[in-house]
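Colleague: Pasting a predicted model and its sequence here:
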Amino acid sequence: MPLPAPQARSQLHTRAVVYRGYQRDDGLWDIEAELSDTKTYAFDFSERGAMPPGTPIHGMAIRVTVDDTLTIRQIVTAMDFTPYGECQQGTDPMQQMVGATMGPGWRQAIEKALGGVRGCTHLRELLFNMATAAYQTVPVYRAHKRKQDGLPEVFPTDASGHEKPPYHLGKCIAWDFDGEVVKRNYPQFAGWQPLKRLV
C-alpha cells in the first residue's frame, strides 16, 4: 500500500528509529531503542566541524529492563553522536525513571522527571514509545505462551473483582468498544463502559 507518487524532490534528512524487545533468562525483559539523524549533504557544524553526508548528528540508544508489570528495574543510555558535548549531561537524569511503570500516565511521568531542561529531547522521544514496544513484547508474548499451553486469557480486575478490558481497548479507532474488532475478539467487552460497573 505505497503512498501516492510524490512531486519531484531530493531527500535531505533521515531519522531512523528502531525498537526491539527481548526476553531475558532471569525472567526480566529488555526493551531497546535506537535513534539516528543523518543528512544527505555535507555541511559544517560549529561544534563538530565538517560533516560529510551520512554522518550521524544524533546517534543514541536506551535499554530499559522491566519486570512482568512493565515497571522499570534498570535503565542504561548510550549517546555515541550528539550535536554538542553538553548533550551527554542527559544520560544521568534518565535514572529517575527507575521505578516508573509503563502504562497509564507514562508520558506524564517522563515529562515530570525529564521535561524541559531536566533531560534530553531525543531520549524523551525514545522513551515515549518504549511503552508501546514493551506492551508488544511482554504481555503479548505472555498471552501467546498461555495460549500455547492451553490456558485461558487473563484479564485485569477492578476493586470489586470484575474483569476489566485489556488496556488497548478503547484507545484506537479499530479497538472501539462498539466496533466490530472488539465484538469479534473480545465479545465480553463489546459496548463496555466503566460507569456501568458502578451501578
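Modeller: Thanks, I have the structure now.

Colleague: okay, CA-based contacts and neighbour counts for the rest of this
Modeller: Will do.

Colleague: Ile62: neighbouring residues, count only.
Modeller: Neighbour count of Ile62, defined by other Cα atoms under 10 Å: 23.

Colleague: give me the low-pLDDT residue ranges for the chain?
Modeller: Counting by pLDDT under 70, the ranges of the chain that qualify are 194-199.

Colleague: Give me the domain ranges for it.
Modeller: 13-148, 156-189 (automatic domain parsing).

Colleague: how about those, which one is nearest Ala5?
Modeller: Among these, domain 13-148 comes nearest to Ala5, with 18.9 Å by Cα to Cα.

Colleague: I figured Val138 was touching Trp29, is that so?
Modeller: Yes. Between Val138 and Trp29 there is a contact at 7.3 Å, judged by Cα atoms under 8 Å.

Colleague: now the helices: where do they sit in this structure?
Modeller: Ranges of helices in the chain, per DSSP state H, are 106-114, 121-148, 180-185.

Colleague: Rebuild these as TSV, extending it with distance to Arg73 and mean neighbour count.
Modeller: Converted to TSV, these look like this (distance: least, Cα to Cα, whole Å; neighbours: other Cα atoms under 10 Å):
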stretch	distance to Arg73	mean neighbour count
helix 106-114	15	16
helix 121-148	13	17
helix 180-185	33	14
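
Colleague: want to try TSV for those helices, with distance to Val154 as columns?
Modeller: As requested, the helices of the chain are exported to TSV (distance: least, Cα to Cα, whole Å):
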stretch	distance to Val154
helix 106-114	23
helix 121-148	8
helix 180-185	14
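
Colleague: quick revisit: buried deepest among the domains of the chain, which one?
Modeller: Of all those, domain 13-148 carries the top mean neighbour count, a mean of 16, counting by mean count of other Cα atoms under 10 Å.

Colleague: Now do that domain: distance to the chain's middle.
Modeller: 8 Å (Cα atoms, centre = their mean, to the nearest Å).

Colleague: ok so, going back, would you turn the domains of the chain into a markdown table with distance to Pro6?
Modeller: A markdown table is the format used below for the domains of the chain (distance: least, Cα to Cα, whole Å):
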| stretch | distance to Pro6 |
| --- | --- |
| domain 13-148 | 16 |
| domain 156-189 | 28 |
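
Colleague: returning to that earlier point: name the residues contacting each of Val138 and Trp29.
Modeller: Residues within reach of Val138 and of Trp29 at once, by Cα atoms under 8 Å, 6 or more residues apart in numbering, are Gln23, Asp68.
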